[in-house]
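*Asks:* Predicted model follows, preceded by the sequence.
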Amino acid sequence: MAWRNMTRWLAHLEKEGELLRITEPVDVELEAGAIADRLVKSGGSAVLFEKPRLPNGEISEIPLAMNLFGSHDRTLRALGAAHDTEIGDRLVALMKPDIGQILRKPWTGLPLLRDAMSMPPKKVRKGSCQRIRMDTDVTQLPIPKTWPMDGGRYITLPLVVTKDPSSGEHNLGMYRSQIFGPKEVGLHWQIHKHGADHADAWPDGKMPIAICIGGPPELIFSAISPLPDNLEEYMFAGFLAKRRLRITKALTQNLMVPADADIVIEGWVDASKTRTEGPFGDHFGFYSLTGQYPVLNVTAITRRKNAVLPATIVGQPPMEDGYLGEAIGKQFRPILSFQHRDVLDLHLPLETGFHNLAIVKSKQRYPRQARKTCLGLLGAGQMMFLKILVATDEDPSDLDALLDVLNDRVDPNSDLTILDGMVSDSLEPASTYENVHSKLIIDATTIIPSDPRSGNPVEGSPIEECPPWRRGEEEAPGINDSLLDEISKLELIEDCLLLRNSMLVVTVDIEGRPNLRTGLQWPNEEAAAAQRDKISQLRNLIWQLDSQKQLRWLFVTDNDLDLHGKGANRRLLWQLTSRFAVERDFIIEDGRIFWDATTPIPSNEGPSTVRRWPGITMHDPETLESIERFDLPPWPNNLVM
């Protein structure tokens, strides 16, 4: 089913009992975001704030909706898909039609014809998004501030329309937008994004921009989908809906905008002029740091008659954007397999912010094919941002199976590949340099017969040495309870957990570490040196106790995590990937892996520079107390609160 506008989607949610209406006033600053966060983390409903209260105390005439896509099932319904790969299957059928089948049975080509005819946008003289022209003051919109240290209020589901100055092709991107004042909005398009590409190509002068909010859900999915450059988001939105997308000319700018958007903010940007934007609580669970970004100069604001402003909150997972991202990843997997034929399946865990970890299932027809597959994926759109890739033969979405293969099928001496100095996400806080980090590929696949490690290589090829357990001939070695007890009694250790028999996590107390709530902006060389010494001492002590080298994975992280609490493993996945840089915190020595995921302390004098470290997204105690007046499900365990 295609949702023609946001109102119909909300009506569907209410009919299904998945919409909480809050009729009393709620502050758009902090309160609304905290309520939405609590709902998404507890698996709760969408929420409609009927009387959002602006910072000046006035009640907005436009309701605020949040957590609209905060579950796997809800996201699938919003896409109008019957199963996890329906959209990708349709796209592959369009890209590579079965001509023979269509010639034999012409009616089987009708769905392809329908899909093709739905893609060109339909121009209309005036859209419902232009029914009411508002005062030119974006501060009167119920735009939330979701975290206490955010630089201001942010449009968190913005559909930013830009245009190529040469071809005139439109792009629809989702770039967070900070409210600076009544007629000024910051545009956070990172250097890798299409909007930034348009800005770089724009000649001197005013570049037309529109920020559209709301409209049919397929617009949101189109804006965040990893589309090829020759497929416009407007075309893909029509494809998703199986109906041509209605577009109309903006009132004050030479742009075409979605006719059924709820709100349209028009304006222009001088791409050569920037302003400090941020900080902003982002999808990695930290505040992304301040930076210089362009400013939209607002020339008009229009809206639908019964407009609703949809927004989201991003931060410590699980979050709504995680469900959106997982849905897009699953739906595009057939396309990925079409372009990268070795890929059998792929999972990007929402707990890792997507760009920190990919688990890949690959064909294994020849030796090291899975490694080749991982390298190829690093050139696939936004997968260039990935930090860690694990190749496996098992179901990539089964995180218990992931631990099993890391324990049983990874020889640190031969199954790890490190790529130094590669592209990283601008929002990734742990990398030594902004936009640059190292990547880790872990081969946890079964050794196939033609591999030189199998003991039966192809004729004329020598045998590569390999432990029998790595060939699957015996059980992978691990530590016993006695050694675990010895390690747990070390004075430096706060707690420990054996994930598998060769995989140990220990927590430590690091003095002078960045404050969880505020982070640390400036170097603290004394504390950083003490941290390095403590971590090194701990590593050496454990390696000495494990004289037989049975412990192959040693993870160290901060003691702000309850290793034995409910939800600990998923929180651990976030912590181990988000506080960790391959180039700084990963050591391979004597067939063993040491993985330091303690919070980095900013330093310029150590072996590796540590830049400013952001705070974790956490609600103020006052906000948490204020939302107790509502009947909300409880917070889950193992969050940094």
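*Replies:* Perfect, thanks for sending it.

*Asks:* Run through the helices of the stretch 401-550 of the chain in chain order.
*Replies:* 481-488, 525-545 (DSSP state H, counting those that start in this stretch).

*Asks:* Helix or strand next in line after the longest one, which one?
*Replies:* Using DSSP states H and E, the next helix or strand after helix 525-545 towards the C-terminus is strand 553-558.

*Asks:* Need the per-residue pLDDT for His157.
*Replies:* No, residue 157 isn't His; it's Leu. Looking at Leu157, its pLDDT stands at 97.

*Asks:* still on that earlier bit, go through the helices of the stretch 401-550 of the chain and name the closest to Gly329.
*Replies:* helix 525-545 (34.0 Å; C-beta to C-beta). (Glycine included, C-beta is placed from N, CA and C.)

*Asks:* where does this structure dip in pLDDT?
*Replies:* Counting by pLDDT under 70, the chain shows low-confidence ranges at 1.

*Asks:* Using PDB, write out every CA atom in the lengthiest strand in it.
*Replies:* Taking DSSP state E as the criterion, the chain has its longest strand at strand 291-303. Provided in PDB are the C-alpha atoms of strand 291-303 (Å, rounded to 0.1, in the frame of the first residue of the first chain):
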ATOM      1  CA  GLY A 291      32.100  22.200  12.200                       C
ATOM      2  CA  GLN A 292      31.800  24.800   9.500                       C
ATOM      3  CA  TYR A 293      28.700  24.300   7.300                       C
ATOM      4  CA  PRO A 294      26.600  26.500   4.900                       C
ATOM      5  CA  VAL A 295      23.500  28.400   5.900                       C
ATOM      6  CA  LEU A 296      20.100  28.400   4.200                       C
ATOM      7  CA  ASN A 297      18.700  31.900   3.900                       C
ATOM      8  CA  VAL A 298      14.900  31.400   4.100                       C
ATOM      9  CA  THR A 299      12.700  33.100   1.600                       C
ATOM     10  CA  ALA A 300       9.400  31.300   2.100                       C
ATOM     11  CA  ILE A 301       7.600  28.700   4.300                       C
ATOM     12  CA  THR A 302       4.500  26.900   3.000                       C
ATOM     13  CA  ARG A 303       2.500  24.000   4.400                       C
END
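
*Asks:* Against which helices or strands is the very next helix or strand once past that strand packed?
*Replies:* Following strand 291-303 in sequence order, the next helix or strand is strand 309-311 (DSSP H and E). Here strand 309-311 touches strand 64-66, going by 3 or more C-beta pairs under 8 Å, 6 or more residues apart in numbering; DSSP states H and E.

*Asks:* Name every strand pairing with the strand it packs on and say which way it goes.
*Replies:* When pairing is defined by DSSP bridges, strand 64-66 lines up against strand 46-49 (antiparallel), strand 309-311 (parallel).

*Asks:* Highest average neighbour count across the helices of the stretch 401-550 of the chain: which stretch is it?
*Replies:* helix 525-545 (a mean of 16; mean count of other C-beta atoms under 10 Å).

*Asks:* now that one, how far from the centre of its chain.
*Replies:* Relative to the mean C-alpha coordinate of its chain, helix 525-545 is positioned 32 Å out (C-alpha atoms, centre = their mean, to the nearest Å).

*Asks:* elements contacting that helix?
*Replies:* Looks like helix 525-545 contacts helix 481-488, strand 503-508, strand 553-558, strand 592-597 (3+ C-beta pairs under 8 Å, 6+ apart).

*Asks:* could you check the angle helix 481-488 makes with that helix?
*Replies:* 160 degrees (axes from the mean of the first three to the mean of the last three C-alpha atoms, to 10 degrees).

*Asks:* Residues contacting helix 525-545, please?
*Replies:* In this structure, residues lying in contact with helix 525-545 by C-beta atoms under 8 Å, 6 or more residues apart in numbering are 483, 486-487, 490, 492-493, 504, 506, 508, 510-513, 551, 554, 556, 587, 589-590, 592, 594, 596, 598, 601-607, 610.

*Asks:* Kindly give a single ChimeraX line that selects the buried subset of the residues you listed.
*Replies:* Buried residues among those (16 or more other C-beta atoms under 10 Å), as a ChimeraX selection:
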select :483,487,493,504,506,508,510,513,551,554,556,592,594,596,598,601,602,603,606,610
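
*Asks:* got the CA positions of stretch 40-51 in PDB?
*Replies:* Output of stretch 40-51 as PDB, limited to C-alpha atoms (Å, rounded to 0.1, in the frame of the first residue of the first chain):
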ATOM      1  CA  VAL A  40      11.500   3.500  20.800                       C
ATOM      2  CA  LYS A  41      13.900   1.900  23.300                       C
ATOM      3  CA  SER A  42      11.000   0.000  24.900                       C
ATOM      4  CA  GLY A  43       9.400  -1.100  21.700                       C
ATOM      5  CA  GLY A  44       6.600   1.400  22.100                       C
ATOM      6  CA  SER A  45       4.200   3.200  19.800                       C
ATOM      7  CA  ALA A  46       4.500   6.200  17.600                       C
ATOM      8  CA  VAL A  47       3.600   9.500  19.400                       C
ATOM      9  CA  LEU A  48       1.700  12.600  18.300                       C
ATOM     10  CA  PHE A  49       2.200  15.700  20.400                       C
ATOM     11  CA  GLU A  50      -1.000  17.700  19.700                       C
ATOM     12  CA  LYS A  51       0.100  20.800  21.600                       C
END
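
*Asks:* Show me which residues of that stretch are buried.
*Replies:* Result for stretch 40-51 [16+ other C-beta under 10 Å]: buried residues Val40, Lys41, Gly44, Ser45, Ala46, Val47, Leu48, Phe49, Glu50.

*Asks:* Dump these to TSV, plus distance to Phe284.
*Replies:* Output for the buried residues of stretch 40-51, formatted as TSV (distance: C-beta to C-beta, whole Å):
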residue	distance to Phe284
Val40	16
Lys41	16
Gly44	23
Ser45	26
Ala46	24
Val47	24
Leu48	28
Phe49	27
Glu50	32
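
*Asks:* where exactly do the helices run in the stretch 1-150 of the chain?
*Replies:* Along the stretch 1-150 of the chain, counting by DSSP H, counting those that start in this stretch, helices occupy 6-15, 31-41, 72-79, 86-95, 99-104, 110-117.

*Asks:* thinking again about what came up before, need the helices and strands packed on helix 525-545 in a markdown table (columns: distance to Ala11).
*Replies:* Output for these, formatted as a markdown table (distance: least, C-beta to C-beta, whole Å):
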| stretch | distance to Ala11 |
| --- | --- |
| helix 481-488 | 56 |
| strand 503-508 | 47 |
| strand 553-558 | 45 |
| strand 592-597 | 45 |
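
*Asks:* Can you tell me which of those is nearest to Ala401?
*Replies:* strand 503-508 (13.7 Å).

*Asks:* What strands flank the closest one, and is each parallel or antiparallel?
*Replies:* Counting by DSSP bridges, strand 503-508 is paired with strand 495-500 (antiparallel), strand 553-558 (parallel).

*Asks:* what about the closest residue in space to Glu475 that isn't next to it in sequence, how many residues close to it?
*Replies:* Among residues not flanking Glu475 along the chain, Trp469 sits closest, at 6.5 Å (C-beta to C-beta, 6 or more residues apart in numbering). If you count neighbours by other C-beta atoms under 10 Å, Trp469 ends up with 17.

*Asks:* and what of Ile627?
*Replies:* Neighbours around Ile627, by other C-beta under 10 Å: 19.
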